[in-house]
Every structure is written in C-alpha cells, then in structure tokens.
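Colleague: any chance you could fold what I've pasted below:
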Amino acid sequence: MKVIFYRHSLFSRGGDRMVVEYANFLAQKEHAVVMYTNEISTVFEINPLVEMKKIPFPSKAGTILYGIFKRFGSDRVIVDIIALTLFLSIRNRNRLLYFAQDWDASYYKGFFMTMLIDLLYITALRFQAIKAIAVSEQLTSLLKKRYGARNVTCVCNGIDHRVFYPEVDDKLVEAKGEIKAIFVFSRGDYRKGFDVALRVLNELSDRLLDKAVVWVIGDGVQDTVLNLPLTNFGWVCEKDLRRILSSSDLFLYPSRHEGFPLFPIEAMACGCAVVTTEAVPYAVDGENAVVCRVEDVEGIKEGVLKIFQDTDLANKIREGGFRTARKYDISESREKFLEAVVQRNIY
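Modeller: Predicted coordinates for the structure are as follows:
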C-alpha cells in the first residue's frame, strides 16, 4: 500500500511527533510512505524508508494550491488539518483520511473563524463522509456529536516507554541545589497557555524566590519576562527531554485546549508531578495531577503551591502519573493506527 502524509510543516511539536511515529511504523511494515511538506525543521528521527518530498510552491498558499490541483497516485492520503482535508478532497476524496489531532476551531479566538471551521468540518465529515482518526475519546465524541461525523475511529496517542522513564541527571540536580525546578514548555501557540504560565510564575515570584528555578524548553524566553531564575534549554532531543523531566519537581502545563497532549504523559512517565488544566483529557485532579479550570490563574497558583508544600500529595500524584502513563503505549497506538489506515472497508 502507498500512503502519503500531506502537511505544510514538520517541526518538533507533539502533533509532528505522532505523524513521524506513524509514518516510520508504516514504512517499517513495508508500506510505501511519502511525506510532502513545505517546511521541515524537526528533532524527530525520520525512518530513511520514508520518502520526503518538498511541496514545489512556497508558503501556506502554495501548500493549499498544490493540494487542490494535485491528484496523488496513492492508496491513502493522510491530512491533519481540516481545511487542507477539504482542499485535497477536490481531487483525492476517495483516498483521503483526516487525522484529527485536535479540534481545529480551538486555534482561533474569533466567532466568525470558529463558524467557518465548523462549516468545514460539517462539509468534510458529514456530507462528504471522509474517514477520520481521532486521538482521544473526547475528540471522537466531539466530532460525532457536533458535526455528525459518520466514520471516526479513535486511536489514542501513546508514548515510547523505552524513551520516557525516570532518569535523573546528576548535573541538573546539582545545578538546582536545594531548590525545586519548575518545568515549562514555551511555544507561541495561544492554546498551550504559555502566557498563563508566565503570569502564574510572576505572581508567585515573591513566594518562590530562593525556592524555585524555572526550566524552559521550546521557543527561547528572555530572562526579563520572568522574575525567577530561568534556564533555557531550547528544543531538545528525546534523551535530554527525559533527563530534564526526570530531574524536575513540577511540570506546569496550563493549556487552553488539547486533543491528546504528549507532554503531560511524558512527564508522568518520568516521575514529574503535573499541574495542568481540564483541557488535558486523561488528567484527574488529586490522582495523577493537580487539575484546574482553564485560565484560572488563582487556581493554578494554588496548585503549584500545593506541590511545593504538600509532599504526600506530590508523591501520590507521581505514583498516579506512573499508572496513567502505563496505559498509553506507542506500540499499541501504532498497531491501531495501521489497522485503521489499511482496512479494506475504509470507504
């Protein structure tokens, strides 16, 4: 079977990780896999068997135009943005598969954009009945109930437990000394709530001064935006991420919306206590995380202080995190994704 993944960019985000995981696995299973992208800059290792092709027209407009006019000679074309799904359906409808990693309307704040995205979903999933794979039960339910999607399979994301497990880095522990390390993911995406994390940490700075250091990965952060000691690691490989998470005392992840995020579950697998929001579908308050309402700055501040002040709660959450992480294994996700892609009665 020939499978094409079509996307504008391939970077180092969670969604990119899952695309690479599945492309690699399909290629390993001797399917012909081609990935079309316009921009690529990723820390994730791509199987040499995956053929990488550059979309010949630059910019997002070029990605859209090429998708509209190109008829792909393949058995499946996998797209993970609903707008691109609709554009590619013009010439590739009978081989198209929408890989729903989140609810695309959550990318936008405005009413009219949300309404437009709703229309795209209804057209693609209800009227065209394009098959979809969703990354969580919650997202599957949303697509069915809100848009009348008729052909959605749930394949929950998973993590590689050979990569994510507790491995404390002695140098990092020595560097932080007696104070605690708060791990934060910096990304210029409104949904991820990095602005909320900065506000929480700055408002707690008087109480955490000389008690906490902030470790940041992702987009660089200027020291001046934070009133606490800050270490920027930038974008890191999985090995370094494991060691940073394992050496951290708390992962602050105040996301506004998620499909099935990998970072919190990777933190759980590494033994790092998680403070997050109700946007994370597998987070259960007091069991595997401290869970607050979305954008509830005061509640999130209280959650951070709970982990700092209540050792028993922190240990309970870490143990619950280990149990939760064990439920989501990438090997199982790969097999289910493969089954959903190759099944003969896909249309």
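Colleague: where along the stretch 101-250 of the chain do the helices fall?
Modeller: 111-121, 137-147, 170-176, 194-203, 205-208, 238-247 (DSSP state H, counting those that start in this stretch).
Colleague: which secondary structure elements does the third one sit against?
Modeller: Same thing as helix 170-176. The helices and strands touching helix 170-176, judged by 3 or more Cβ pairs under 8 Å, 6 or more residues apart in numbering; DSSP states H and E, are helix 238-247. Any C-beta I mention is one placed from the backbone N, CA and C, and that applies to glycine too.
Colleague: now the helix it packs on: mean pLDDT?
Modeller: Helix 238-247 shows a mean pLDDT of 97 in the predicted model.
Colleague: neighbouring strands - and their directions - for the helix or strand that comes right after it?
Modeller: The helix or strand immediately downstream of helix 238-247 is strand 250-253, counting by DSSP states H and E. Note on strand 250-253: by DSSP bridges, its sheet partners are strand 180-186 (parallel), strand 273-277 (parallel).
Colleague: what comes into contact with strand 250-253?
Modeller: Residues outside strand 250-253 that contact it (Cβ atoms under 8 Å, 6 or more residues apart in numbering): 180-185, 193, 197, 200-201, 245, 261, 263-264, 267, 272-277, 280, 300, 304, 307-308.
Colleague: and it, how far out from the chain middle?
Modeller: In terms of Cα atoms, centre = their mean, to the nearest Å, the centre of strand 250-253 is set 15 Å apart from its chain centre.
Colleague: low-scoring stretches of the stretch 101-250 of the chain, by residue?
Modeller: Scanning the stretch 101-250 of the chain for pLDDT under 70 picks out nothing.
Colleague: can you tell me which of the strands paired with strand 250-253 comes nearest to Asn92?
Modeller: strand 180-186 (34.5 Å; Cβ to Cβ).
Colleague: list the contacts of the closest one.
Modeller: With Cβ under 8 Å, 6+ apart, strand 180-186 has contacts from 172, 192, 194, 197, 201, 211-221, 228, 244-245, 247-253, 263, 267, 272, 304, 308.
Colleague: do that again at 7 Å, thanks
Modeller: Here strand 180-186 makes contact (Cβ atoms under 7 Å, 6 or more residues apart in numbering) with 192, 194, 197, 211-219, 221, 244-245, 247-253, 263, 272, 308.
Colleague: of the strands paired with strand 250-253, which is nearest Cys154?
Modeller: Using Cβ to Cβ, these put strand 273-277 closest to Cys154, at 21.5 Å.
Colleague: could you export the strands paired with strand 250-253 as CSV, including mean neighbour count?
Modeller: As requested, the strands paired with strand 250-253 are exported to CSV (neighbours: other Cβ atoms under 10 Å):
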stretch, mean neighbour count
strand 180-186, 22
strand 273-277, 27
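Colleague: any chance of those strands in a markdown table, with distance to Asn47 too?
Modeller: Shown next, in a markdown table, are those (distance: least, Cβ to Cβ, whole Å):
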| stretch | distance to Asn47 |
| --- | --- |
| strand 180-186 | 26 |
| strand 273-277 | 31 |
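Colleague: so which of those gets nearest Arg150?
Modeller: Of all the strands paired with strand 250-253, it is strand 273-277 that lies closest to Arg150, at 31.2 Å by Cβ to Cβ.
Colleague: CA atoms only for the closest one - export them in PDB, please.
Modeller: Output of strand 273-277 as PDB, limited to C-alpha atoms (Å, rounded to 0.1, in the frame of the first residue of the first chain):
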ATOM      1  CA  ALA A 273       4.300  16.000  39.200                       C
ATOM      2  CA  VAL A 274       1.900  17.700  36.800                       C
ATOM      3  CA  VAL A 275      -0.100  20.900  37.300                       C
ATOM      4  CA  THR A 276      -2.400  21.400  34.400                       C
ATOM      5  CA  THR A 277      -6.000  22.200  33.300                       C
END
